[in-house]
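1. Turn this into a model:
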Amino acid sequence: MKAARWHGVKDIRVEEIETPTPGPGEVAIKVAWTGICGSDLHEYLAGPIFIPVGAPHPLSADQAPITMGHEYCGTVSGLGEGVTGLALGDRVAIEPIFACGTCPACLEGKYNLCDSLGFVGLSGGHGGFAATSVVPARMVHKMPDGLSMEQGALVEPAAVALHAVRMSKIKPGDSAAVFGAGPIGLLVVEALRVAGAAQIHVVEPSPERRQKALELGATRVIDPMTEDPVAQIRAATGGVQVAFEVTGVPRVLPQCIECTRHEGQTLIVSIWEGDAAFHPNTVVLKERQLQGTIAYRHIYPAVMELMGQGYFSAEKLVTKRIPLDEIVAQGFEALVAEKSQVKILVKAPD
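-> Numbers count the residues shown, from 1 in each chain. Down below sits the predicted model:
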């Protein structure tokens, strides 16, 4: 079968590999759609970050080259021995977290904080940029009948956003700032609406993405290339209760912190390619909080329920659909060159 595999920085190849088959406790998925994630783009431009190179990942037992793709859905095409609760043809979304199940975080049910955390399509395994994927049955979530397959490919990134908002101390009526209106930032805007935020200020240089943020519920958008976002947000709110950093750009982190009120909170949602600095006194003197957030846990059913209510709409977020053969030129390179792109979906080969 065809698969898009990471070999190195700016070296993703669509090549023929053997079609995987499910072993005991595993499920084969005929992939439908897979989204290109910001984490995928980081690996393409500056990896390896999550991708194991030189030694296998402790849970997947794989190392580069690996088949990429972790935001995906499809239909069940094969069941390994011992799998129950699923049937051939079931429409499913994949929760692609590798977790050991035995470390302290896993034993607390916080498997996204696993000491050996990994992701299918980043840390090994049979990722979604392929015709067929095989995953452990615990990663498979049946989709409600009312959700399209394109929606299924958005469950994973929407879960990131909803988990970030759940981890925050936002309350109904509070104000929030979101720095970065890429796919996750826009999904955070929608998750903030779910949480009852009264004001949502979005900072984003791309005019197309600023417009998209307004369409999805932002109350105000700010162009950081022409305005001082900290001054603008503080003038409007006196300081927001919570700010979300969703850019991975080093100079943005101190802006996020400084736009919050006393005892305000900054959520760092991005995966970073390098260091970022801020002056500790900006946190100390106002008793602010800095919180990290990674992936999600116990949240896929809630995401799909909200999708059924109209949130996290593929129709509003997907800007391009491409075949697997064009994943580099029309996918990764397009995301680098065209800041108007939001979410690009890759159609699996037959």
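2. can you pull the pLDDT of Glu190?
-> pLDDT for Glu190: 98.
3. Wait, Ile170 touches Val178, no?
-> No: taking contacts as CB atoms under 8 Å, Ile170 lies outside contact range of Val178: 11.3 Å. Placement of C-beta: from N, CA and C, glycine included.
4. The two - which one has more neighbours?
-> Val178 (34 against 23; other CB atoms under 10 Å).
5. before we move on, which element is that one in?
-> Here Val178 sits within strand 175-179, counting by DSSP states H and E.
6. Given that strand, what are its sheet partners and their directions?
-> Taking DSSP bridges as the criterion, strand 175-179 forms sheet pairs with strand 199-203 (parallel), strand 240-245 (parallel).
7. Of all those, which one is nearest Asp115?
-> Taking CB to CB, strand 240-245 is the member of the strands paired with strand 175-179 nearest to Asp115, at 24.6 Å.
8. Distance-wise, check Asp325 relative to Ala131.
-> From Asp325 over to Ala131 the distance is 12 Å, taken as CB to CB, to the nearest Å.
9. So between the two, which is more surrounded?
-> Ala131 (18 against 13).
10. ok, and the closest non-adjacent residue to the more buried one?
-> Met1 (4.1 Å; CB to CB, 6 or more residues apart in numbering).
11. then stretch 331-347 to CSV, C-alphas only?
-> What follows is stretch 331-347, C-alpha atoms only, in CSV (Å, rounded to 0.1, in the frame of the first residue of the first chain):
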residue,chain,number,x,y,z
GLY,A,331,0.1,19.9,1.9
PHE,A,332,3.3,20.6,3.9
GLU,A,333,4.7,23.2,1.5
ALA,A,334,1.3,24.9,1.2
LEU,A,335,1.1,25.2,5.0
VAL,A,336,4.5,26.9,5.0
ALA,A,337,3.8,29.3,2.1
GLU,A,338,0.0,30.0,2.5
LYS,A,339,-1.0,31.4,5.8
SER,A,340,-4.6,31.5,4.6
GLN,A,341,-4.7,27.7,4.9
VAL,A,342,-6.3,26.4,8.1
LYS,A,343,-6.9,22.6,8.0
ILE,A,344,-5.7,20.5,5.1
LEU,A,345,-7.2,17.0,4.9
VAL,A,346,-5.5,14.2,3.0
LYS,A,347,-7.7,11.6,1.3
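12. which residues sit against it?
-> 4, 12, 32-36, 40-41, 44-45, 69, 129, 150, 153-154, 157, 182-183, 186, 205-206, 208-209, 212, 314, 317-324, 327, 330 (CB atoms under 8 Å, 6 or more residues apart in numbering).
13. Mind checking which of those are in helices?
-> Counting by DSSP state H, the part of the contacts of stretch 331-347 found in helices is 40-41, 44-45, 150, 157, 183, 186, 208-209, 212, 314, 317.
14. quick one: pLDDT of the nearest residue to Asp350 once chain neighbours are set aside?
-> Distances taken as CB to CB, 6+ apart place Ala131 nearest to Asp350, at 7.1 Å, with adjacent residues excluded. With respect to pLDDT, Ala131 has a value of 98.
15. so where do the helices sit in the stretch 251-350 of the chain?
-> With helices called from DSSP state H, counting those that start in this stretch, the stretch 251-350 of the chain shows them at 252-258, 281-284, 300-308, 314-317, 333-337.
16. Let me know which of the ones you listed is tucked in deepest.
-> helix 252-258 (a mean of 22; mean count of other CB atoms under 10 Å).
17. what distance separates that one from the middle of the whole chain?
-> Counting by CA atoms, centre = their mean, to the nearest Å, helix 252-258 is centred 21 Å from the centre of its parent chain.
18. Run through who's touching that helix.
-> Contacts of helix 252-258 (CB under 8 Å, 6+ apart): 177, 179-180, 203, 224, 229-230, 243-245, 266, 268, 276-279, 282-283, 288, 290.
19. what does stretch 302-310 give?
-> 93, 141, 143-144, 146-147, 151, 154-155, 158-159, 162, 194, 312-313.
20. Report the residue ranges of every domain in this structure.
-> 2-154+312-347, 158-292 (automatic domain parsing).
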